[in-house]
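>>> sequence plus the predicted model coming up.
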Amino acid sequence: MQLRSPDIFRKNFSNKIAAISIFLIFCISFSLTAFFYYAQRKSLTGMLVQNNLLLARILAYNSRIGVFSENEDQLRDPIEGIFQQGETEEVAVFDGQGRLLAKRVRPVIGDGKTRDKATTAGRIEVAVLNKLQVSSAPFYLDNTKDMEFWSPVTASASFRTPESLFVEEKELPHKERTIGFVRIKVGKTVLNRQLGALLTRSALIGLVFLIAGAGIIYVMVRKIVNPLNTLRSGVQVLGKGDFGGMVPVETEDEIGELALAFNQMSASLLRRETEKKHLEERLRHSQRIEAIGTLAGGIAHDFNNIIGVIVGYAQMALLTNPEKSKLDGCLKEIFEAGIRAKDLVKQILTFSRQGAQERNPLFIKPVVEDALKMTRELLPATVEIRRNFKPGLSPIVSDPTQIHQVVMNLCTNAGYAMQEVGGVLEVELDERELAADNPELPLEMSPGRYQVLTVRDTGGGMESAVRERIFDPFFTTKGPGKGTGMGLSVVHGIVKSHGGRINCQSEPGSGTTFEVFFPTTKAEVLKISPGREVIPGGRERIIFVDDEASLVGLAKQMLQNFGYDVVGCTSGVEALAAFKARPDQFDLLITDNTMPNMTGIELTIKIKQIRSDLPIILCTGFIEGISEEKIKALGIASLLMKPFIWEDIAQVIRQVLDKGAELLDRRTI
């Protein structure tokens, strides 16, 4: 059966604390009283023993002549002197054989009888006599009702001077002949009376301490519990769902801090309750963005094929038309429009995080400066551009095109905000160290050093409702035909993919400031050699595979113009059959990845099983599911992003073929 404390303690915190505290004070008071009594008793007993041992030594010294002559008259004065002590009950002097020479006893109230265990018929008891004969120093016997102090009497003084009796001094080293003994018997009545009075005082002091402590504890407990009771009432109100209720902070100690923390918690719960619907709406919004990203990746393949055909045929027409004509200008416009369409698709893929992200260590200052030169041409003359770049900035791991997109989008938006009245566009580059305890460091970012790109304008600013939606895809405040609403969405996607973040501060009439954080790196920046101006060609045989027939036809014509022998296929199955028929007749495979029936990855695996040394170039519109490790494991020589710029693909083809030939030569050797 489990014992339970009474309800008065189980349900009342103050009574429980008071009872425990009083019990502790009682234990402390009792311990201190016992210790004080023990120490005082030991001190009083020690003083009694020390004084009477000294008296025994004095009596032995003064009784030497009387003991030697066995003259009771000469012993009377020393005995009388010792007997003047109030607690002395008996003084006796014995000769060397233990025979009583003189004795004086204080009368005892009562029957007048006295008991002497140490003497028998006027002689010293044998056990005591034996101890006296072997001891040269005084000693004492502690009896029930009294204490006996014995000291030997020597033939001559065992001390250099009489004063040595009262100070600590070693006895003479030689052994003197013992001629007698003295005994002083002291009663314990006075000692017991002193100890009794001491015990009474100690008990009274302990009781006073206990009562005073209990009173202080009661007042303190009430002082402590009252704020707790107030806090308990506040918690009960909070438990009923009434958020925002505050309790008074009555103290500045831990209880006051607890009340303050409760008020903060209550305010936080109220704030979170009001933000709950907003967070739910943001969740639905994030799901819509994810759906848009999935849609963007899904249609990127078809868009890239269409754009690739337009750009490719325009470029081929420009390359095969040596004479300048009006048609040449039209072809250039078609080509440039295709490039802009290509960049738009790239922005969409960047937003959906499916675009190619070939990143290397680079210094972004030259990229920012180049972007500002282009921005200067797009902004009105009333907008002044100011630069403030900190020297000695660390590199970051990125793609120059993506950094260029970030700067261009932020600066063109800033210019649009100032196009009517003009203003100042400030662009800054700096570095900051964000420690783990820095409030600027969100959960998704790691502590470390970050390069900060700041774009600040003096435009009209934004309302909070607009500021909360600026990173939403297709959201724009510009008029029809003046913006797609993808610029800041693309910037947000780029920054997030770098492991950084973007902050926006804006108020109506106070302009807008964007801060973009990019993590820095300690890796070395590689120097890139300038590209070749002449488009390289060759005589090798290439099999080109794509499910878009028009793109296959374009590739055949373009690559044949470069001197290559091209076999075009519109499916992976067709390409595999053609390769199996003549596996040793081909020098390179260029294949699209997203194709029906057989993807480019599947075709690559089957081709490698037939001929492992064949160089393969994989083409794709987005890289979701294609990692660098997977490309290396499959033995793919290069990955090209669609749509193509044929000068670029010609460079890649030549590099892959040359590298393959070099490897073949090494194996032959």
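Received it, and whenever you're ready, just let me know what you need.

>>> all contacts plus neighbour counts: C-alpha atoms, from now on.
OK.

>>> per the annotation, how does the protein divide into domains?
Listed by automatic domain parsing, the domain ranges of the chain are 14-193, 257-343, 364-519, 541-668.

>>> ok, of the ones you listed, where does mean pLDDT dip lowest?
Across the domains of the chain, domain 257-343 has the smallest mean pLDDT, namely a mean of 66.

>>> longest strand in the protein, please.
strand 423-434 (DSSP state E).

>>> can you give me the strands in the stretch 501-650 of the chain?
Assigned by DSSP state E, counting those that start in this stretch, the strands in the stretch 501-650 of the chain fall at 501-506, 512-519, 541-545, 565-569, 588-592, 616-620, 638-641.

>>> go through these and name the closest to residue 451.
In terms of Cα to Cα, the element of these nearest to residue 451 is strand 512-519, at 5.1 Å.

>>> skip the chain neighbours and tell me the closest residue to residue 616.
residue 589 (4.8 Å; Cα to Cα, 6 or more residues apart in numbering).

>>> how about the contacts made by the one you found?
For residue 589, the contact set (Cα atoms under 8 Å, 6 or more residues apart in numbering) comprises 542, 543, 544, 545, 614, 615, 616, 617.

>>> coming back round to it: relative to residue 218, which of the domains of the chain is closest?
Using Cα to Cα, the nearest of those to residue 218 is domain 14-193, at 6.1 Å.

>>> identify the residue spatially nearest to residue 45, adjacent ones excluded.
Closest to residue 45 by Cα to Cα, 6+ apart is residue 191, at 7.5 Å.

>>> okay, now the one you found: neighbour count?
Look at residue 191: counted by other Cα atoms under 10 Å, it has 17 neighbours.

>>> check residue 307 too.
Applying other Cα under 10 Å, I find that residue 307 has 22 neighbouring residues.

>>> so it makes contact with residue 643?
Yes. Applying Cα atoms under 8 Å, one finds residue 307 in contact with residue 643, separated by 6.4 Å.

>>> which residue sits closest to residue 381, ignoring its sequence neighbours?
Nearest non-adjacent residue to residue 381 (Cα to Cα, 6+ apart): residue 422, at 8.0 Å.

>>> how close does the one you found get to residue 466?
Counting by Cα to Cα, to the nearest Å, the gap from residue 422 to residue 466 is 22 Å.

>>> give me the more crowded residue out of these two.
A direct count of neighbours by other Cα under 10 Å for residue 422 and residue 466 places residue 422 higher, at 19 against 14.

>>> check contacts around that one.
Shown in contact with residue 422 (Cα under 8 Å, 6+ apart): 380, 381, 382, 383, 384, 459.

>>> selecting buried members of the residues you listed in PyMOL, what would you type?
Only the buried entries of these go into this PyMOL selection, using 16 or more other Cα atoms under 10 Å:
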select buried, resi 380+383+459
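
>>> out of the contacts of residue 422, which two sit at the greatest distance?
Pairwise over the contacts of residue 422, using Cα to Cα, the maximum falls at 381 and 459, 14.9 Å.

>>> what ranges do the helices span in the stretch 351-500 of the chain?
Here the stretch 351-500 of the chain has its helices, by DSSP state H, counting those that start in this stretch, at 364-378, 400-417, 464-467, 487-497.

>>> packing partners of the longest one?
In terms of contact count using 3 or more Cα pairs under 8 Å, 6 or more residues apart in numbering; DSSP states H and E, helix 400-417 is assigned the packing partners helix 364-378, strand 423-434, strand 448-457, helix 487-497.

>>> name the nearest residue to residue 547, sequence neighbours excluded.
Per Cα to Cα, 6+ apart, closest to residue 547 is residue 570, 4.4 Å.

>>> nope, residue 419 is what I was after
Residue 419's closest residue in space is residue 380 (Cα to Cα, 6+ apart), at 6.4 Å.

>>> just residue 487 next, same as before
Residue 487 sits nearest to residue 409 (Cα to Cα, 6+ apart), 5.5 Å away.

>>> now the residue nearest to residue 419. Its backbone dihedrals?
Main-chain torsions, residue 380, degrees, to the nearest 10: phi -70, psi 160.

>>> who's in contact with it?
Residue 380 neighbours (Cα under 8 Å, 6+ apart): 415, 419, 422.

>>> what secondary structure does the residue nearest to residue 45 sit in?
Using DSSP: H, G, I helix; E, B strand; the rest coil, the structure places residue 191 in helix.

>>> next, work out how far apart it and residue 437 are.
Residue 191 is 71 Å from residue 437, by Cα to Cα.

>>> next: residue 211.
51 Å.

>>> between these two, who's got more neighbours?
Of the pair residue 211 and residue 437, residue 211 is the one with more neighbours under other Cα under 10 Å, namely 14 against 8.

>>> secondary structure class for the more buried one?
Secondary structure, three-state DSSP: residue 211 is helix.

>>> check what pLDDT it gets.
83.

>>> now do the contacts for residue 101.
By Cα under 8 Å, 6+ apart, the contact set of residue 101 is 67, 70, 71, 72, 92, 93, 94, 95.

>>> how many residues are close by the third one?
What that stands for is residue 71. 14.

>>> how close does the residue nearest to residue 381 sit to residue 456?
Computed with Cα to Cα, the distance linking residue 422 and residue 456 is 13 Å.

>>> repeat for residue 637
Taking Cα to Cα, one finds residue 637 at 44 Å from residue 456.

>>> one more: residue 317?
Here residue 317 is placed at a distance of 44 Å from residue 456 (Cα to Cα).

>>> the more surrounded of those two?
Neighbours per residue (other Cα under 10 Å) separate residue 317 from residue 456, with residue 456 holding more: 23 against 17.

>>> go ahead and confirm the more buried one touches residue 423.
No. The criterion here is Cα under 8 Å, and residue 456 misses it with residue 423 at 10.5 Å.

>>> ok, back up a step: adding distance to residue 364, write the contacts of residue 589 out as a markdown table.
Listed next are these as a markdown table, based on distance: Cα to Cα, whole Å:
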| residue | distance to residue 364 |
| --- | --- |
| 542 | 39 |
| 543 | 40 |
| 544 | 37 |
| 545 | 38 |
| 614 | 38 |
| 615 | 34 |
| 616 | 33 |
| 617 | 30 |
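
>>> max pairwise distance over those residues: which two?
Longest span within these, Cα to Cα: 545 and 614, 14.9 Å.

>>> tell me which of those two has more neighbours.
Counted by other Cα under 10 Å, residue 545 and residue 614 do not tie: residue 545 has more neighbours, with 30 against 20.

>>> tell me which residues touch the closest residue to residue 539 other than its chain neighbours, please.
Closest residue in space to residue 539, ignoring its immediate chain neighbours: residue 564 at 4.8 Å, by Cα to Cα, 6+ apart. In this structure, residue 564 makes contact with 537, 538, 539, 540, 541, 542, judged by Cα under 8 Å, 6+ apart.

>>> and the pLDDT at the third one?
Okay, so that is residue 539. Value listed for residue 539 in the pLDDT field: 90.

>>> sorry, back to before: ok, the residue nearest to residue 547 to residue 596 distance?
Look at residue 570 and residue 596: by Cα to Cα, they are 10 Å apart.

>>> shared neighbours, those two?
residue 547.

>>> neighbour-wise, which of those two wins?
Shown here are residue 570 and residue 596; by other Cα under 10 Å, residue 570 has more neighbours (21 against 12).

>>> ok, the more buried one - contacts?
Residue 570 makes contact with 545, 546, 547, 548, 549, 552, according to Cα under 8 Å, 6+ apart.

>>> let's see 7 Å
Going by Cα atoms under 7 Å, 6 or more residues apart in numbering, residue 570 touches 545, 546, 547, 548, 549.

>>> contact partners for the second one?
To tie it back to what came earlier, the one meant is residue 546. Counted by Cα under 7 Å, 6+ apart, residue 546 has contacts 552, 569, 570, 571, 591, 592.

>>> now it: phi and psi?
Taking degrees, to the nearest 10 as the convention, residue 546 sits at phi -160, psi 140.
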